[in-house]
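*Asks:* Next input, structure requested:
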Amino acid sequence: MSAAQAMGPVVAVAELAEGGLAPVSLELASLARELAGALGCQAKLVVLGEGAEPLAQEAARLSGLAVIGVEVTGLEMFSGEAHCRLLADLWPQLNPSYVLAAHTTSGLDWAPGLAVLLEAAYISGVESWRMEADTPCFGRAAQHGKVVEEIEPLQEPVVLTVQPGSFPQPEATTAEPGRVELLTRELPPCRSKVSPGAEAPSRDAALASASVVVAAGRGIGKQANLELLRDLAGLFSSAVLAGSRPVCDLGWLGYGQQVGQTGATVSPRLYLACGISGARQHTVGMQASGFIVAINSDPQAAIFNLADVCVVEDLLGFIPVLVEQAGASGNKLT
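*Replies:* Sure thing, here's the model as predicted:
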């Protein structure tokens, strides 16, 4: 038997959100299929939690992969510690070569611990991959998104966390759903307990539907400079003001106006990024925008790798001139 034939499967662990499959689950399924195809092994998807059976059936239909649904009595709320222990318990049965988790607050709550517990290699924040000889090489952003570093695991098994939005979801297909295997497990003893928390800040409804988004980053300097961005937004008949996580953490804007991995995902016709460096945590929330204009004084800012128009200027000088020139007619832009 060859090494490829003896290799264990690539196992993606689905992430659940609001009682359903989070979109990143299908992205993980796509990567699992690609990676397994290159390695000559199987790809599987694990759905873990209370009420797992219908979600496992849905995952099998949407992904076409073999799915293991693990019904966990008592796991009503996500627990990173419980996930880690349950997956470690399943490890001998799964015998995976690679385990894929989402690079989210949930995935990062259990994936590093699982790697340590099982002495597996661990690579976080994966955004791309390629084969180097017979070994996968994984790419991720470094130096605030200015460079891409490539990491080759030196041993197996490997636990990966994958940035949401980095890989496409499976295309709609009429192929047969994957086979579903159902398991039952009890909630393992844990050293912590998850209780219902306070309601998260509501998202700005206008942000999701706006055709133009003007976004502020830490590079605007201070809260008072948001007035410049409001003037810029005022040029358009339908525009809203948004911000990156640092701007919201500083209290300059509310969390309901945050765009990014822990905020809203938007896809406006036009996205104006002002003083935003372009960290992956922000760009995953706006990369589907129709047209992106970035204004930043740093010519090496990572946001320029994504922008359609790159303006290397001090925004405190550039935006007032832009507003004056664009607003000279007195008509709103559409």
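*Asks:* Do a quick rundown of the strands in the stretch 201-334 of the chain.
*Replies:* In the stretch 201-334 of the chain, the segments counted as strands under DSSP state E, counting those that start in this stretch are 212-216, 239-243, 270-274, 291-295, 309-311.
*Asks:* buried stuff in the shortest one?
*Replies:* By neighbour count on 16 or more other Cβ atoms under 10 Å, the buried set for strand 309-311 is 310, 311. All C-beta spots, glycine's among them, are computed from the backbone N, C-alpha and C.
*Asks:* please renumber so the chain begins at 115
*Replies:* Right, with 115 as the first residue, what we last looked at is strand 423-425.
*Asks:* Spit out the contact partners of residue 275.
*Replies:* 215, 216, 217, 221, 222, 225, 237, 238, 239, 240 (Cβ atoms under 8 Å, 6 or more residues apart in numbering).
*Asks:* Nearest spatial neighbour of the third one, chain-adjacent residues omitted?
*Replies:* Distances taken as Cβ to Cβ, 6 or more residues apart in numbering put residue 275 closest to residue 217, at 4.0 Å, once the chain neighbours are dropped.
*Asks:* chain center to whichever strand or helix holds the one you found, what's the gap?
*Replies:* Here residue 275 is covered by strand 272-276, with elements defined by DSSP states H and E. Strand 272-276 sits 13 Å away from the centroid of its parent chain (Cα atoms, centre = their mean, to the nearest Å).
*Asks:* now the strands of the stretch 315-448 of the chain as TSV including distance to residue 376 and mean pLDDT?
*Replies:* Formatted as TSV, those follow (distance: least, Cβ to Cβ, whole Å; pLDDT from 0 to 100):
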stretch	distance to residue 376	mean pLDDT
strand 326-330	15	95
strand 353-357	12	94
strand 384-388	17	96
strand 405-409	20	96
strand 423-425	26	96
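*Asks:* Any chance of JSON lines for the ones you listed, columns distance to residue 130?
*Replies:* Output for these, formatted as JSON lines (distance: least, Cβ to Cβ, whole Å):
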{"stretch": "strand 326-330", "distance to residue 130": "28"}
{"stretch": "strand 353-357", "distance to residue 130": "27"}
{"stretch": "strand 384-388", "distance to residue 130": "29"}
{"stretch": "strand 405-409", "distance to residue 130": "31"}
{"stretch": "strand 423-425", "distance to residue 130": "38"}
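*Asks:* hmm, who's touching stretch 152-160?
*Replies:* Applying Cβ under 8 Å, 6+ apart, the external contacts of stretch 152-160 come out as 116, 118-119, 121-128, 139, 142-143, 146-147, 149-151, 173-174, 177, 179-182, 184, 201, 204, 208, 210-211, 245, 250, 292.
*Asks:* Which among those count as buried?
*Replies:* 121-128, 139, 142-143, 146-147, 149-150, 173-174, 177, 179-182, 184, 201, 204, 208, 210-211, 250, 292.
*Asks:* among those residues, which are in strands?
*Replies:* Cross-referencing the buried ones among the contacts of stretch 152-160 against strands under DSSP state E gives 124, 125, 126, 127, 180, 181, 182, 184, 250.
*Asks:* ok, the fifth one touching residue 295?
*Replies:* Yes. Under the contact definition of Cβ atoms under 8 Å, residue 180 touches residue 295, with a separation of 7.4 Å.
*Asks:* Tell me which stretches of the stretch 165-314 of the chain form helices.
*Replies:* Under the criterion DSSP state H, counting those that start in this stretch, the stretch 165-314 of the chain contains helices at 166-177, 194-208, 221-231.
*Asks:* burial measure for residue 164, as a count.
*Replies:* For residue 164, the neighbour count with other Cβ atoms under 10 Å is 14.
*Asks:* Please report how far the residue nearest to residue 217 lies from residue 232.
*Replies:* 15 Å (Cβ to Cβ, to the nearest Å).
*Asks:* tilt between the strand holding residue 275 and helix 221-231?
*Replies:* Per axes from the mean of the first three to the mean of the last three Cα atoms, to 10 degrees, the angle that strand 272-276 makes with helix 221-231 is 170 degrees.
*Asks:* Which members of the ones in strands among the buried ones among the contacts of stretch 152-160 are the farthest-apart pair?
*Replies:* Spanning the widest gap among these are 184 and 250, at 26.3 Å by Cβ to Cβ.
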